[in-house]
Structure formats: structure tokens, C-alpha cells
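**Q** Got a sequence here, can you model it:
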Amino acid sequence: MTTKSEPLEPGSLLFDPATSKVGEYQAKAGPYAMLRPVGGGREWQADPASLRPATLRERLSAEVGATNRHTRAAGACVPPDPEDLSRPPRPVPGCRACLALAEQRDSAQASYDRSAETDANVLLRQHQRREHRA
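**A** From the prediction side, this is the model:
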């Protein structure tokens, strides 16, 4: 529970036992603390004396919930961008050249040869641009 010696800091994550929710402290409004759901949303009033810092588990749960809500709202069924270089390219089903390059990459990964793994990814992307560009 918070006390007068522990001032509430804007942005701190607090657990409200009255609602069993984690909220981000916004400000004080009269006798109440104003909390906003993690990730945004409608604020609610809480009794400052009953609030306590959220545990790591409660924080993670609230953050994962917020991420899931945003993902669903944005349309999670969108396929990954083939030009996204942060992900390894996927072989096109039924293409022997793609499969051979993917196997080459897997072999390099298994032997911890990051240079050969990167080379295989580059070759696979080049092949896909040449042969499979729609």
C-alpha cells in the first residue's frame, strides 16, 4: 500500500485491488488516484491508500494483454513482409532451388557458421526476387 511518505510517480504501474487491474498512475484528482490501463484506454479512479506497486508477474500480464489487444486491433492476420530483413526468408513450397538454399542455411545454422547462414539467406532472397516475384 502506498503511504504519504511514498509519493505516487506519474507513469508508475500500480495494482488496484478494487478492480484487480494494473494501471499506470496519471495524476491525483481530489481524493482519488487516476489510473489508466497499460497500453492506453479509459482512466479510472482508485483509492490511493489501497494501491500498491504491481509485481513483475502482474506487470508482464498487463503488458502482454495490451500487446494482444493492439495486435488484434491492427489485424494480426497480415502475413510477414517478404522484404523484412529481420526474419529469414521462407522457401516457396514446391520450389527445389528454394528448398536447397533453405537446407544450406539450416546446415550452416547447425554448425554455427553465421557467415554461411547469412550467405544462404541472401541467395534465397535473390532467387525469390528473380523467380517468384508476383
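**Q** mind checking how far the closest residue to Ser12 other than its chain neighbours is from Thr71?
**A** Once flanking residues are discounted, Ser12 sits nearest to Tyr25: 5.0 Å by CB to CB, 6 or more residues apart in numbering. (C-beta placed from N, C-alpha, C; glycine too.) Using CB to CB, to the nearest Å, one gets 25 Å for the distance from Tyr25 to Thr71.
**Q** re earlier: the residue nearest to Ser12 contacts Asp16, correct?
**A** No: Tyr25 is beyond contact range of Asp16, at 10.1 Å (criterion: CB atoms under 8 Å).
**Q** didn't Glu98 look like it was pressed against Gln126?
**A** No Glu there; residue 98 is Cys. No: applying CB under 8 Å, one finds Cys98 not in contact with Gln126, separated by 11.3 Å.
**Q** more crowded one of the two?
**A** Neighbours were counted for Cys98 and for Gln126 using other CB atoms under 10 Å; Cys98 has more, 19 against 12.
**Q** what residues are up against that one?
**A** By CB atoms under 8 Å, 6 or more residues apart in numbering, the residues touching Cys98 are Pro91, Val92, Leu124, His127, Gln128, His132.
**Q** which residue sits closest to the fifth one, ignoring its sequence neighbours?
**A** Right, the one you point to is Gln128. Setting aside the residues directly before and after it, Gln128 is nearest to Pro89 in space (CB to CB, 6+ apart), at 6.2 Å.
**Q** ok, back up a step: the residue nearest to Ser12: how many residues sit nearby?
**A** Other residues close to Tyr25 by other CB under 10 Å number 20.
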